[in-house]
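[1] The amino acid sequence is not available; the structure is as follows:
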């Protein structure tokens, strides 16, 4: 993996770069669509490629439970299993164990949890999670971390930060022992909840370990936006500048631009795909619901300026009809639209950084979007 | 509309033809995918075209209820509304009023029914149904008919046959008054339940009205297969030979070949698309369920000889995974597969008729499929 910063904004920390991964180059800033169960919901791999996405996220936790490591091993990895030729980043499962599992018990050695599907008992260690991701064959893997809810006390957050650090050390050691750095890379995850000193410690000692990329975890977990932006403005600009910076779990358009402004290069979130399935789509004038009565006889597209399949071929009236009749095509088209929208937004931000016009780009987008 | 019979089988009534419709030629025998709510479930119009289908079916009953005539009028017709360039046949609603409506009351003038969606009260007359289909702009429309359940008494069946005939007369008159025969055509529907004399009367007096095409309705409604084949063998060969012959609501592969053998040219059924969404897919060796445990680590495709997207790109193991995790991509891929399968079956039957080998083609297919 190589990362090259091509341009940095004059008056902010926004940057444009290229992340060179084994399955192709990725322009940054980049949003990664989420393919939890080895499929970006409602889309074919060819759809993902057509949308211009050459890097998606998938989930170790989900794939470990279904179809299971044995099936993925026999399939010769995740790419072959799901027939996707691009790059894949796999999340470690730390966040899913925190957010989904029926039960979790943290130990210094690892985490015990019950599957949200059948209640079966499992145990993740940092080493095990590296090895599952070796089997998956993702281009970028994440180390097991401990995520804490917004609102936990200082001591709980401190313990999680400490554990996340120790697990990062062990993950890197296991990676170095077992994985081929020409094929896979491992990022570090900064934790520390909303406590600035913990975030600072987390960043500093992980930076010393010289990971090829750094992520901010544990944001967008229910905290106030001000808290998120506070941590972001403190941490992002101080993350190693020659390495890609990844903000996990953020996908709301305004949040994306604010994070880019602070120097973030990579994002993932279920928001665009999940919202799409709830008939909620992005437009330059903000989010609209395709179920709205006012679209009943509106034969214009979702967005006149959008080049996605939904906007090129179908009207708001038809989209509304599909959602009212619970037709799957509605989910497909709305998903394509939302992912196209975020691709265009990230491409626009990138161009703006390169042209020295990011601040203006962001201001204009937000003024229209929030009007 | 023009119909040309290109070849007839030497030892059966099977035939190959071309149905020339305003939006393109259609080779027969042809299976029509069902697009109930102005969408063939899970597919884009471009997918339908790629599968080789240039004629689909849609439903007057459903479109009349949602989005409603006013929306379709403003959309300038169904093709424009759903962005489909091929040909559309619309069913009259007679069958849906029979099978779906919460309540129906037959009158000589028309049928009163309550919507299955919201219970609202509606009234269809033959004239009204022609005019709705004029608004829809379907290339082939069907007249309002009265469908009866398998097992009704002779008098009920006789009354329905009589009403269906009277409504056909009125439908044709309304069509001649109001519709442009260069743009739309109307077929007749033969009823008569399982009573051979009623079927014979229905066929004979509808044939006298010189419709451009003829359909057999009221089969595949719960009767024994023997009853269906009995009516089919009696009626199909005696339907006007220069006109297309359409068997409504049949889509099971063996039934299709048996009906082709009796001289049927056109079919529609929800079976391939509905079954697909239940993980049930056609193979040359019969139907399989993609949820089956034995496919867990089977990395071969559904059918090695199939050229559909599912079979070219994805394994049984992956398909099973998609259905086990309730992923929409599974529904999409299985739908594509089943429709590809029926297209290939109909194309094979057509080629066989033209090559004088239909009987052999049918025998070999069934021997393998039913093994």
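    Arrived safely, thanks for sending. What you see is a predicted model; the values in this text were computed from it and never measured.

[2] can we go C-alpha only for contacts and neighbour counts from here?
    Will do.

[3] So which residues of the stretch 201-350 of chain A form helices?
    When assigned using DSSP state H, counting those that start in this stretch, the helices of the stretch 201-350 of chain A occupy the ranges A:225-235, A:253-261, A:271-277, A:309-313, A:316-324, A:328-354.

[4] Just give me the residue right at the centre of chain A.
    Closest to where the C-alpha atoms of chain A average out (Cα atoms, centre = their mean) is residue A:268, at 1.5 Å.

[5] residues from the stretch 201-350 of chain A in reach of chain B?
    Contact residues (Cα under 8 Å from any Cα of the partner chain) of the stretch 201-350 of chain A with chain B: A:296-297, A:299, A:313-315, A:317-318, A:321-322, A:325, A:327-329.

[6] Quick check on the residues you listed: which are buried?
    Buried subset of those (neighbour count, 16 or more other Cα atoms under 10 Å in any protein chain shown): A:296-297, A:299, A:313-315, A:317-318, A:321-322, A:325, A:327-329.

[7] Please enumerate the strands of the stretch 51-200 of chain A.
    Applying DSSP state E, counting those that start in this stretch to the stretch 51-200 of chain A gives strands spanning A:55-59, A:87-91, A:103-106, A:111-114, A:121-124, A:140-141, A:185-186, A:188-190.

[8] Ranking helices and strands of chain A by mean pLDDT, which lands last?
    Ranked by mean pLDDT, DSSP states H and E, the helix or strand of chain A with the weakest confidence is helix A:94-99, at a mean of 92.

[9] Deepest-packed of the helices of the stretch 201-350 of chain A, please.
    Mean neighbours per residue, mean count of other Cα atoms under 10 Å in any protein chain shown, is largest over the helices of the stretch 201-350 of chain A for helix A:316-324, with a mean of 25.

[10] From the contact counts, what lies against it?
    Helix A:316-324 makes packing contacts with helix A:328-354 when contacts are defined by 3 or more Cα pairs under 8 Å, 6 or more residues apart in numbering or on different chains; DSSP states H and E.

[11] average model confidence for the helix it packs on?
    Averaging pLDDT along helix A:328-354 gives 98.

[12] List the contacts of residue A:368.
    Residues in contact with residue A:368 (Cα atoms under 8 Å, 6 or more residues apart in numbering or on different chains) are A:284, A:285, A:286.

[13] pretty sure the last one is touching residue A:365, no?
    Right, residue A:286. No: using Cα atoms under 8 Å, residue A:286 makes no contact with residue A:365, being 9.9 Å away.

[14] More neighbours: these two, which one.
    residue A:365 (20 against 14; other Cα atoms under 10 Å in any protein chain shown).

[15] Check the gap between the more buried one and chain B for me.
    Separation of residue A:365 from chain B (Cα to the nearest Cα, to the nearest Å) stands at 31 Å.

[16] quick one: which helix or strand includes that residue?
    Element membership for residue A:365 (DSSP states H and E) is helix A:358-369.

[17] Just want the angle from that helix to helix A:253-261.
    Angle between the axes of helix A:358-369 and helix A:253-261 is 170 degrees (criterion: axes from the mean of the first three to the mean of the last three Cα atoms, to 10 degrees).

[18] Would you mind listing the buried residues in helix A:358-369?
    Those buried within helix A:358-369 under the rule 16+ other Cα under 10 Å are A:358, A:359, A:361, A:362, A:365, A:366, A:369.

[19] pLDDT score assigned to the second one?
    Note for residue A:359: predicted pLDDT of 98.

[20] Kindly provide the distance from it to residue A:273.
    Using Cα to Cα, to the nearest Å, we find residue A:359 at a distance of 28 Å from residue A:273.

[21] coming back round to it: surely the residue nearest to the centre of chain A touches residue A:35?
    No: using Cα under 8 Å, residue A:268 is not in contact with residue A:35, being 10.2 Å away.

[22] quick one: common contacting residues for the two?
    Applying Cα under 8 Å, 6+ apart, one finds that residue A:268 and residue A:35 are jointly contacted by residue A:57.

[23] coming back round to it: the contacts of residue A:368 in strands, which ones?
    Of the positions in these, residue A:286 sit in strands, assigned by DSSP state E.

[24] circling back to that earlier point, which residues touch the residue nearest to the centre of chain A?
    A:31, A:32, A:33, A:34, A:57, A:247, A:248, A:249, A:250, A:251.

[25] number of nearby residues for the fourth one?
    Think residue A:34. A count of nearby residues for residue A:34, using other Cα under 10 Å, gives 26.

[26] what does the domain assignment say about chain A?
    According to automatic domain parsing, chain A comprises the domains A:2-269, A:275-371.

[27] Ends of the longest one, what's the gap?
    To tie it back to what came earlier, the one meant is domain A:2-269. Per Cα to Cα, domain A:2-269 runs 24 Å from first to last residue.

[28] again, but for the shortest one
    Distance across domain A:275-371, first residue to last, is 20 Å (Cα to Cα).

[29] Just give me how far that domain sits from the chain centre.
    20 Å (Cα atoms, centre = their mean, to the nearest Å).

[30] what does stretch A:199-218 give?
    Worked out by Cα atoms, centre = their mean, stretch A:199-218 lies 17 Å from the chain centre.

[31] Which single residue of the stretch 1-150 of chain A ends up nearest chain B?
    residue A:42 (5.1 Å; Cα to the nearest Cα).

[32] Now for that residue: which residues touch it?
    By Cα under 8 Å, 6+ apart, the residues touching residue A:42 are A:331, A:332, A:335, B:327, B:328, B:329.

[33] how does it look with 10 Å?
    Counting by Cα atoms under 10 Å, 6 or more residues apart in numbering or on different chains, residue A:42 makes contact with A:35, A:273, A:277, A:328-336, B:42, B:327-332.

[34] related to what we said a few turns ago, TSV for the strands of the stretch 51-200 of chain A, including mean pLDDT and distance to residue B:96?
    Output for the strands of the stretch 51-200 of chain A, formatted as TSV (pLDDT from 0 to 100; distance: least, Cα to Cα, whole Å):
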stretch	mean pLDDT	distance to residue B:96
strand A:55-59	98	43
strand A:87-91	98	47
strand A:103-106	94	49
strand A:111-114	96	47
strand A:121-124	96	49
strand A:140-141	98	53
strand A:185-186	98	58
strand A:188-190	98	57
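
[35] Deepest in the core, which of the ones you listed is it.
    Highest mean neighbour count of those: strand A:188-190, a mean of 30 (counted as mean count of other Cα under 10 Å).

[36] Can you spell out which helices and strands pack onto it?
    Packing partners of strand A:188-190 (3 or more Cα pairs under 10 Å, 6 or more residues apart in numbering or on different chains; DSSP states H and E): helix A:154-178, helix A:196-207, strand A:214-216, strand A:245-247.

[37] Select, out of those, the one closest to residue B:72.
    Set against residue B:72 and scored by Cα to Cα, the helices and strands packed on strand A:188-190 come closest in strand A:245-247, at 45.4 Å.

[38] any idea of the mean pLDDT in the closest one?
    98.

[39] Would you mind listing the buried residues in stretch A:70-87?
    In stretch A:70-87, residues buried by neighbour count (16+ other Cα under 10 Å) are A:71-73, A:75, A:77-84, A:86-87.
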